[in-house]
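Q: need a structure here:
(one chain, ligands or ions: 1)
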Amino acid sequence: MTDTAASACPVDHGGQGTPPVRPAGGSRTAATTLTPRPHARSNRLGLLPVTASALIKGWGFEDGIYAHFAGHDVTRFRVGLRKFVAVTRPEYVEHVLFEHSDRYQKSVDFAAVDGAIGVGIFSDNGESWKYHRKILNPMFTRKHLENVYDLMLAPVEEAAAALPTEVAEIEMNDIMVELTLDVVGNAIFNQDFKKFFPEDLGWWITGGLTEVMGFARFLMVTEPPALLNKPFWALLHSSAPVPPPLSNLQMAMKVVLGGVDAVLEDRIANPTDTPDMLNLLVRAMNEGTMTPERVRSEAAVGMLAGHETTATTMSYMWHLLSQNHWARDKMLEEVDTVLDGRAPTVADLRNLPWTSACVDEAMRLYPPVWFGPRTALVDDVIDGHHIKAGTTVILPTYLIHRDPRWWPDPEKFDPSRFMPGADKGRSRGAYFPFSGGPRTCIGRNLAIMETTLIAARFSQTHTFETMPGHDMTPLALPSLRPSNGLRMIAHPRT
Ligand code: HEM
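A: A predicted model of the protein is given here:
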């Protein structure tokens, strides 16, 4: 994009001392005590070229708007009617996610999630989000997950046993998608998801998300009033088939929501007394603490958010290990020493620091959730930069995770960055694959346990090499994923 009117707008000073703060439409007003930093580099992009680029390329990754944030502390731009600020300093991320999270909420961009699967904790805000998150939290505590560890282990054992016994080509990304869906089904819902979702679920989700990006571009340009937004989604939810390019999205919604409905109906017809999320949701519905629509959305959120991200993390980790045999050798040594050939127990997971550091480093280089948009609820000041209420603040995770200012030799795969103690002095805003603060990923504990478990178990019996020439360029949908899957050669270990 040649259009960056990259006028150096130095820090957006509000004058010396405390900058003036405009109250926002009767809402609270906030100011920080931070003073402007003379060296903070700020960038401003031109309205027309950026709007055109947004419509043609969306957020883009290599060649879209996103690329312009690199190396700038703050990038201001407008797309159509919307005002944006992208911030890349870790302390700014801390400000938004942790220290002053009450000044921000999920942006209008999450309306696509609401439209497709209904409002759930992923996209909800305010008191309603707080209320529902509190109900769901007990399913995701470490203690609860340790109690259901065997349910997590079973599908991993099954998948490891199904790996080829001779050198053979495999589609690793498909294996990871299926496995992580099984794990979240078992561990959180205590239900065998295979029966309820088609084998090509991953394909439908990718197709659906690709088309959601079209709607996301529309959202980037304007915040459509509910009047426009609602009929659009109502049409997609109706039985009337819509034409391409929205037909895949409609089908993906049917596949996901149809499966979720079947899972819920099955549990209602066959009650159990197990402590799992399905029972929690069905009980909440029966007791009237959650509406049936909300129950359906929360189940869909848990199922969707609970597997795609983990599958992407694992795929990139296998690929990075195949490119970095030195790191893989260390992992094999650790796994062999600690486990001595037996399946990992929940206690073992804590004794596999290098293995889990390999997962962490994969999420640094390829964070599955690659940017987090928030809307400022009030006028705010971040380190001297004024943020007007209503502005969308972008936290570009992928760029911050690869910024040489915070990560020496950033392109290098080096798990030692995540060995115990290595993060001393590192800002929480320099590495945030699970976001942070009150809106941190509810499935974080599950994801950490699950990824370490899969990495260790698969490595006990096999090593994996990416097929020569296979292109691992990420496809930047709402979540990141390998655009061409992951073709690998599995080598059984002798
Ligand atoms: C490696 C795996 C995972 C990664 C990298 C990841 C990342 C994230 C991120 C960055 C967010 C915040 C998004 C935002 O604020 O814009 C998030 C939220 C969420 N994640 Fe995850 N996630 C993972 C696994 C899981 C799992 C296993 C589950 C559930 C079983 C899950 C369920 C959720 C839910 C429900 C939210 C919304 C939480 C809220 O706002 O209260 N995630 N995740």
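Q: Whichever residue of the stretch 351-494 of the chain sits closest to the ligand and Pro433: what is the separation?
A: Going by C-beta to the nearest ligand atom, the ligand is nearest to Gly443 of the stretch 351-494 of the chain, at 2.1 Å. Bear in mind the C-beta positions are built from the backbone N, C-alpha and C, glycine included. For Gly443, the distance to Pro433 equals 12 Å [C-beta to C-beta, to the nearest Å].
Q: Check Lys83 too.
A: Distance from Lys83 to Pro433, counting by C-beta to C-beta: 27 Å.
Q: Compare those two and say which is more crowded by neighbours.
A: Under the neighbour definition other C-beta atoms under 10 Å, Lys83 and Pro433 were set side by side, and Pro433 has more, 23 against 15.
Q: three-state assignment of that one?
A: Three-state call for Pro433 (DSSP: H, G, I helix; E, B strand; the rest coil): coil.
Q: circling back: what pLDDT does the residue nearest to the residue of the stretch 351-494 of the chain closest to the ligand when sequence neighbours are not counted get?
A: Counting by C-beta to C-beta, 6 or more residues apart in numbering, Gly443 lies nearest to Gly306, which is 5.5 Å off, once chain neighbours are set aside. Per-residue confidence for Gly306 comes out at a pLDDT of 87.
Q: what's the neighbour count on Gly306?
A: Applying the criterion other C-beta under 10 Å, we find 25 residues in the vicinity of Gly306.
Q: picking that back up, quick one, what contacts the residue of the stretch 351-494 of the chain closest to the ligand?
A: For Gly443, the set of contacting residues under the criterion of C-beta atoms under 8 Å, 6 or more residues apart in numbering consists of Phe140, Val184, Gly302, Ala305, Gly306.
Q: same thing with Ile489?
A: Shown here is Ile489, whose contacts under the criterion C-beta under 8 Å, 6+ apart are Val167, Ala168, Glu169, Ile170, Phe464, Glu465, Met467.
Q: for Ser322, same thing?
A: Contacts were defined as C-beta under 8 Å, 6+ apart; by that measure Ser322 touches Arg328, Thr463, Phe464, Glu465, Thr466, Met488.
Q: between these, which is closest to Gly118?
A: Sorting the contacts of Ser322 by how near they are to Gly118, with C-beta to C-beta, puts Met488 at the top with 36.5 Å.
Q: quick revisit: so which of the contacts of Ser322 belong to helices?
A: In helices, judged by DSSP state H, the following of the contacts of Ser322 are found: Arg328.
Q: who wins for neighbours among the contacts of Ser322?
A: Met488 leads the contacts of Ser322 on contacts (other C-beta under 10 Å) with 24 neighbours.
Q: Now the residue most central in space within the chain: which helix or strand?
A: When the chain is reduced to its mean C-alpha position, the nearest residue by C-alpha atoms, centre = their mean turns out to be Val369, at 3.0 Å. Here Val369, judged by DSSP states H and E, is contained in no helix and no strand.
Q: again, but for Ile170
A: Here Ile170 sits within strand 168-171, counting by DSSP H and E.
Q: Could you name the helices and strands sitting against that strand?
A: When contacts are defined as 3 or more C-beta pairs under 8 Å, 6 or more residues apart in numbering; DSSP states H and E, strand 168-171 sits against strand 487-492.
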